[in-house]
Structure formats: structure tokens, C-alpha cells
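**Student:** build me a model from this:
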Amino acid sequence: MDVSSQSPYMLFSRDKWAALRQSEPMTLTQEELEKLKGINEELSIEEVQDIYLPLTRLLSYYVNATKTRQAATMEFLNEKALKIPFIIGVAGSVSVGKSTTARVLQALMSRWKENSKVALITTDGFLYPNAILEEKGLMLKKGFPQSYDIHKLLEFVSDIKSGKEEVKAPKYSHLIYDVVPNEYEIIKQPDILIIEGLNVLQSGMDYPKSKPRVFLSDYLNFSIYVDAEEDMLEHWYISRFMKFRNGAFTDPQSYFYNFTQLAESNAINMAKGIWREINRKNLRKNILPTRERASLILHKSEDHRVDYVRLRK
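**Tutor:** Predicted coordinates for the structure are as follows:
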């Protein structure tokens, strides 16, 4: 561990971080991990042991401390304790693997001995529908802060934090590349809620034209930023795009079906163009500047392997 007085973070090499697992048990099999990983990622038992088990051990301390504080507050107020979910935000660029991180955390924490109920949603469902994005001229900025119905997202997370028994989250389909009309995920008072998305760490400066008074980041008990170098992200994006081109995109209902008709070289150029004109711009302008707000940063190298961890002091 490197504790620099010039940084708000403690830096851990992979080996130092892995040692913090201690006796945290492995509760997932390789077969189960195969179902959790993204289409373009490697996810080994070793990665879970070295990175995710120490992280879930740390999170168990945070969750228990928060429960104790909440109970103390309600006891002070002579009020009945409410079930207020512990909220974890998972942020990072397109193609970095934040969805896999969120799914692995959900699977591991769901198997804690406390039988914790862990829910997971993505912020994709809170994007404006394509029809509205087209009307606003934002289709080429899909994933940018202004493409989200931030007020609906804040209402959702506020209801979760208030202890409401049932809260609806809109569903998003990557097949049709749009919000699914009138379909919702029902969240019923989980012990832990993981919210995964590009912009979960953003604040007021990111919404200059429509500033809400509070932000999603205000509701998070803990936040994780999944990080990697830009050239690595581009490589992963293009590789994933080409795998989708030969898989999910071949469904005639897919929004990207026409891309399957392109020659391979043209499809690669198309993927590079989408990365550089949309995703890279969003990363540089909106996503990367939020990294230093995270409680913890997982930095990835080749093969999506975490090579170091930064934990806020």
C-alpha cells in the first residue's frame, strides 16, 4: 500500500489488495462466472479471489456500519427503524466492464451469510426514449448527461432512500437500442441496491442547462469507478462491436442489424467512428472527470485484469 500525502487515495498493488481477502469465502463457481461476464471479457476465479472478494469484505464493513448508524439515529428519535437500502454506484466508460463488475458484486453479496437481498439496475432505463432524443437532436449524444431524464432518475433513487416498499425502474433493451415502453423492473426494499451507469458520479456542473438541486451521487453510500487507459477502451469497444456484429446484431429486430451487411473492414471503421465521435468525447468531457469522486477505483490492464486499486482515505 502506498499512502501519499498528496493524494486523497491509498494505492494498492494487485498483490497487496488480494491479501486483504483474508478468510472471505469463494461462493461462485467458474460456470457461474461465465454467465456473469460481458461478451468481450475474461473473468477468472483468480480475478474474483484477488479483486472482488477483498472488495466485498470491505463493503460488508461499510454496510454494517451504515445499518448501525441508521439504527442509532432512529433510536435517538424514538422512531421505528426503517429499511433503507445501502446504495452502491458503479461508474466508468463504455466497454470498460462496469456491468460485469456490478453483476459479480451482486452475486457475491447476495450470498453473504446475512442472506442480503441485493438488487441491480442500470441507468440505461432512464435515458430519454429515442423518439425524444431525435426530437431534441441528441441521438449522437446518447449516454451524455443531457440524454437522461435526470429528474425521473432522482425520483427513483429518492423513493428507494425513503424506504418505499415498491419502486419502478424503466427497462432498456440493447437489442432495439431504446427504452421499452411500459415495462419496468420492480425494486422491493432490497438491503443493497447497485446502480450501474456512465454518469452515476456526476454533479451540478454536468447539468448546466437543467440543474436539479440534488444529484444521484448524493444518494450513494459507496461508489466504484472502473478505469482503464483510453487506447485499451477503444480496443475493447471495437472488439465487442465486432462480436455483436456476428451475434446479437444479426437479429432482424436489432437496431444495428444493417451493420451486419457491411464488409468487415467497413464495420471496423464504423465502430472506430462511433467510438471517436460519441463514446470518446463522452468519456473525456463527462465520465473521466468524475473518477476522482469515487470511493474506490479499479484500474484494469490487458484482458480486463485489475492491476491496481485506489481506495479513498
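**Student:** contacts for stretch 270-286, please.
**Tutor:** 93-95, 140-145, 198-199, 202, 206, 230, 233-234, 237-238, 241-242, 259, 262 (Cβ atoms under 8 Å, 6 or more residues apart in numbering). C-betas here are computed from N, CA, C, even on glycine.
**Student:** same check, this time on stretch 106-122
**Tutor:** 27-28, 32, 36, 48, 52-53, 56, 59-60, 63, 85, 99, 102-103, 105, 169, 172, 185, 187, 189-197.
**Student:** if we use 7 Å, what do you get?
**Tutor:** 27-28, 32, 36, 52, 56, 59-60, 102-103, 169, 172, 185, 187, 190-197 (Cβ atoms under 7 Å, 6 or more residues apart in numbering).
**Student:** stretch 245-257 now?
**Tutor:** 175-177, 259-260, 267.
**Student:** hmm, try it at 8 Å
**Tutor:** 39, 174-178, 244, 259-260, 267.
**Student:** from those, which two are the most distant?
**Tutor:** Pairwise distances across the contacts of stretch 245-257 (Cβ to Cβ) peak at 21.7 Å, for the pair 178 and 267.
**Student:** how about the strands in the stretch 1-150 of the chain?
**Tutor:** With DSSP state E, counting those that start in this stretch as the criterion, the stretch 1-150 of the chain has strands at 2-3, 9-13, 86-92, 118-122.
**Student:** mean confidence (pLDDT) on the longest one, please.
**Tutor:** Put plainly, it is strand 86-92. In this model, strand 86-92 has an average pLDDT of 97.
**Student:** each with direction, which strands does that strand pair with?
**Tutor:** Sheet pairing of strand 86-92 (DSSP bridges) gives strand 192-196 (parallel), strand 222-227 (parallel).
**Student:** got the angle for it vs strand 118-122?
**Tutor:** 40 degrees (axes from the mean of the first three to the mean of the last three Cα atoms, to 10 degrees).
**Student:** strand 86-92: how far from the chain's middle?
**Tutor:** Averaging C-alpha positions (Cα atoms, centre = their mean, to the nearest Å) puts strand 86-92 6 Å from its chain's average.
**Student:** can I get that strand as CSV, trimmed to CA atoms?
**Tutor:** Output of strand 86-92 as CSV, limited to C-alpha atoms (Å, rounded to 0.1, in the frame of the first residue of the first chain):
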residue,chain,number,x,y,z
PHE,A,86,-27.3,0.7,1.1
ILE,A,87,-26.7,2.1,-2.4
ILE,A,88,-23.5,1.4,-4.4
GLY,A,89,-22.8,3.3,-7.6
VAL,A,90,-20.6,1.7,-10.4
ALA,A,91,-19.4,4.1,-13.0
GLY,A,92,-16.9,4.1,-15.9
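**Student:** what's in contact with that strand?
**Tutor:** The contact list for strand 86-92 (Cβ under 8 Å, 6+ apart) reads 59, 62-63, 66-67, 98, 101-102, 105, 157, 160-161, 191-201, 216-217, 219-227, 287, 290-291, 294.
**Student:** distance of residue 253 relative to residue 188?
**Tutor:** 31 Å (Cβ to Cβ, to the nearest Å).
**Student:** could you pull up the residues touching residue 138?
**Tutor:** Neighbouring residues of residue 138 by Cβ under 8 Å, 6+ apart: 128, 144, 146-147.
**Student:** and for residue 161?
**Tutor:** 84-85, 87, 219.
**Student:** about what we covered before: please identify the most buried of the strands of the stretch 1-150 of the chain.
**Tutor:** Mean neighbours per residue, mean count of other Cβ atoms under 10 Å, is largest over the strands of the stretch 1-150 of the chain for strand 86-92, with a mean of 27.
**Student:** before we move on, the earlier item: buried members of the contacts of strand 86-92 into PyMOL, please.
**Tutor:** Filtering the contacts of strand 86-92 down to the buried ones (16 or more other Cβ atoms under 10 Å) takes a single PyMOL command:
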select buried, resi 59+63+66+67+98+101+102+105+157+160+161+191+192+193+194+195+196+197+198+199+200+201+216+217+219+220+221+222+223+224+225+226+227+287+290+291+294
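**Student:** still on that earlier bit, could I get the contacts of stretch 245-257 in JSON lines, plus columns for neighbour count and pLDDT?
**Tutor:** Putting those into JSON lines (neighbours: other Cβ atoms under 10 Å; pLDDT from 0 to 100) gives the following:
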{"residue": "39", "neighbour count": "11", "pLDDT": "70"}
{"residue": "174", "neighbour count": "13", "pLDDT": "87"}
{"residue": "175", "neighbour count": "15", "pLDDT": "86"}
{"residue": "176", "neighbour count": "14", "pLDDT": "89"}
{"residue": "177", "neighbour count": "15", "pLDDT": "91"}
{"residue": "178", "neighbour count": "18", "pLDDT": "94"}
{"residue": "244", "neighbour count": "19", "pLDDT": "82"}
{"residue": "259", "neighbour count": "19", "pLDDT": "76"}
{"residue": "260", "neighbour count": "17", "pLDDT": "81"}
{"residue": "267", "neighbour count": "20", "pLDDT": "87"}
